[in-house]
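Colleague: Everything below, folded, please.
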Amino acid sequence: MLKHLLHRVIRHGRLTVTTPSGEISAGQLDAGHHSGLLDVRVRIRTPRAVLKIATNPDLYLGEAYMDGDLVVERGSLYEFMELIASNIAALGHDPSPRIARWAGRLAGVVSQRNDPATSRANVAHHYDLSDGLYRVFLDEDLQYSCAYFRDPDDDIATAQSAKKQHIIAKLLLRPGQHVLDIGCGWGGLALSIARAAHVRVTGVTLSKEQLATARQRARTEGLEDRVDFQLIDYRRLQGQFDRIVSVGMFEHVGRPNYETYFGAIRRLLTPSGVALVHSIGKMHGPSPTSLWILKYIFPGGYIPALSEVLPAIERNALWITDLEVLRLHYAGTLRLWRERFMSRWPELSRTYDERFRRMWEFYLVGSEISFRYSGFMVFQVQLSRAIDALPTTREYIHEAEDFLRQQALTLADAAVAEKCL
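Modeller: Reported below is the predicted structural model:
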C-alpha cells in the first residue's frame, strides 16, 4: 500500500523509505544531480506505523514523527515535507486513500460545531499553553498571526509592526471612536490601536491566559482607562462599535457559524461603522482541515475558501469595501517562527518533552509548506453597513500607513536617544 501511494505521488525528486520489511524508492533525479531536486531518505521504525501512514497519511505521518516512529535520515523534515507537497501540487488532486478523505470530511463536519462551550475548550487547548512558549518564538508584542513583509529580509518584529500599521490604516480611525477587537490574543493590536489614535478599545478573547497577559500589559502601559479586555464570546456581546477588527480568529469560527459571525458584525457595527477581518484562506476552493491539525493543534479549526465566506457577507447586507490577498507573507512569518523555536528549544526543554518539540516542529513546517505549495493565503476583507462609510479610493490607506510608519520611526529614535542620556 505504501509503495503504491509513493509511486503515485513522487514524480520529481527522490524519496527513499526504509521500513522493517525493506526499502522503497520513489521518484527520480537527473543523472548529474545538478537539477536542485530533493533527495530525501526516511526510516519508518515499526510495521504498525507503515500501515497507518499508508492508510491515512494526513493523520499518521505527523503522529509517527511525533512518536519517533518516522525519522529523517537524509535531508531535513522541511525538505521531506517540501518534496511531498510540491509533488502533490504538481498532481493537482489529493492522492490520499479514499477512506482517509472520507474520514477528513466527517471529522470536519463534527468538529466545526463550535458552540460557545466548545469554542472555549478549543481555544484553551492551544492558546492556554504557557506564555513562555509563545514568548520564545513570537515577537515581543506576541503577534500570533501573519506578518507583513515590506522587505523580504525584514525581521519578525519589523514585519509584525508593519502588519499592525497596515490593518490600523484600513480602519480609518477618528478621535473618540470605540473599537472592538474580536479575538484580541495577548492584546498587542488593541494596545497599538489605542496608542495610534485617541480611541477606546474593547478586546475580547476566550483564553484565560491571554486575558491575564493583555490586562497586565494595559496596566503596565497606563492604558487601562482606554483599553478594556474581556473574557466573552463575540456572540454574546451587546452594544455598537464604530470599528471592528478581527485578526486570526475567523479560522476558529467554523463554516456552520459564518452567518452568525457576520450577523454579529453587522449588529455590533454603528450605521457608519467599518470592520476589518484578517483570516487564513484557501485559493483552490473548499477542502477539509487536516486531521492531524484538528487532533493536535487546532480542534474545531477550519480554513475557508472565499467562495464560502462571501455568501455569508452578502446575506448579512454588508458592503465589501476592500479585499486584499496576502500570498507568501505567512510563509515568511512561519519560517522565522520555526527558526526561533528550534534555536531556543533548550529553554523550552525544561518545560516540554521531545514529543512536544517534534509536534510543534511538524506544525510549523507543515504550515509553512501549506502556504508555499498547497494554496493557502491570507485575506483581509473590509466591510461596512453604509455605501459611503469610506472614501471611494484607496489613497487614504497608503497615507495613513505612511503616517503610522513615520510615527513609529520617530518613537524609536526618541527611545534610542533616551537610552543614550
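Colleague: alpha carbons only for contacts and neighbour counts from here, please
Modeller: Will do.
Colleague: what about the helices in the stretch 51-200 of the chain?
Modeller: Assigned by DSSP state H, counting those that start in this stretch, the helices in the stretch 51-200 of the chain fall at 57-67, 77-91, 98-111, 116-127, 131-137, 156-171, 188-196.
Colleague: With mean neighbour count added, can I get those helices in TSV?
Modeller: Conversion of the helices of the stretch 51-200 of the chain to TSV gives the following (neighbours: other CA atoms under 10 Å):
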stretch	mean neighbour count
helix 57-67	21
helix 77-91	18
helix 98-111	16
helix 116-127	17
helix 131-137	16
helix 156-171	22
helix 188-196	21
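Colleague: Can you say which of those is nearest to Leu268?
Modeller: Closest to Leu268 of the helices of the stretch 51-200 of the chain is helix 156-171 (CA to CA; 15.4 Å).
Colleague: Report the angle between that closest one and helix 188-196.
Modeller: Angle, helix 156-171 to helix 188-196, by axes from the mean of the first three to the mean of the last three CA atoms, to 10 degrees: 60 degrees.
Colleague: Report the mean confidence score over helix 156-171.
Modeller: Here helix 156-171 scores 98 as its mean pLDDT.
Colleague: Show the model's pLDDT score for Ser111.
Modeller: pLDDT for Ser111: 57.
Colleague: For the stretch 301-421 of the chain, which segments count as strands?
Modeller: Counting by DSSP state E, counting those that start in this stretch, the stretch 301-421 of the chain has strands at residues 319-326, 376-384.
Colleague: contacting residues for Thr18?
Modeller: Going by CA atoms under 8 Å, 6 or more residues apart in numbering, Thr18 touches 24, 41-44.
Colleague: Direction included, what does the helix or strand containing it pair up with?
Modeller: Assessed by DSSP states H and E, Thr18 sits inside strand 13-19. Using DSSP bridges, strand 13-19 pairs in its sheet with strand 22-28 (antiparallel), strand 39-44 (parallel).
Colleague: To Val136, which of the strands of the stretch 301-421 of the chain lies closest?
Modeller: Distance to Val136, taken as CA to CA, is lowest for strand 376-384 among these, at 24.0 Å.
Colleague: what pairs with that closest one, and is each one parallel or antiparallel?
Modeller: Paired neighbours of strand 376-384 in the sheet (DSSP bridges): strand 269-282 (antiparallel), strand 319-326 (antiparallel).
Colleague: Most tightly packed of the strands of the stretch 301-421 of the chain?
Modeller: Neighbour counts (mean count of other CA atoms under 10 Å) averaged over each of the strands of the stretch 301-421 of the chain peak at strand 376-384, with a mean of 23.
Colleague: ok, so what distance separates Leu172 from Val42?
Modeller: Using CA to CA, to the nearest Å, Leu172 is found at 52 Å from Val42.
Colleague: More neighbours: those two, which one.
Modeller: Ranked by neighbour count (other CA atoms under 10 Å), Leu172 and Val42 place Val42 first, with 20 against 15.
Colleague: Enumerate the beta-bridge partners assigned to that one.
Modeller: Beta bridges link Val42 to Val17, Val72, judged by DSSP bridges.
Colleague: Show the pLDDT at it.
Modeller: The model's pLDDT for Val42 equals 98.
Colleague: and what of Leu318?
Modeller: We have a pLDDT of 98 for Leu318.
Colleague: give the contact list for the residue lying closest to Ile44 once chain neighbours are set aside.
Modeller: Spatial nearest neighbour of Ile44, excluding adjacent residues (CA to CA, 6 or more residues apart in numbering): Leu70 at 4.6 Å. Leu70 makes contact with 42-45, 61, 64, according to CA under 8 Å, 6+ apart.
Colleague: picking up where we left off before, now render the strands paired with strand 376-384 as JSON lines, adding distance to Arg74.
Modeller: Output for these, formatted as JSON lines (distance: least, CA to CA, whole Å):
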{"stretch": "strand 269-282", "distance to Arg74": "32"}
{"stretch": "strand 319-326", "distance to Arg74": "33"}
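Colleague: Those: which one's closest to Gln407?
Modeller: Taking CA to CA, strand 269-282 is the member of the strands paired with strand 376-384 nearest to Gln407, at 22.1 Å.
Colleague: And the next helix-or-strand element following the closest one, what does it pack against?
Modeller: As assigned by DSSP H and E, the chain's next helix or strand after strand 269-282 is helix 291-296. If you count contacts as 3 or more CA pairs under 8 Å, 6 or more residues apart in numbering; DSSP states H and E, helix 291-296 packs onto helix 57-67, helix 98-111.
Colleague: looking at those, which has the lowest confidence?
Modeller: With a mean of 57, helix 98-111 has the lowest mean pLDDT of the helices and strands packed on helix 291-296.
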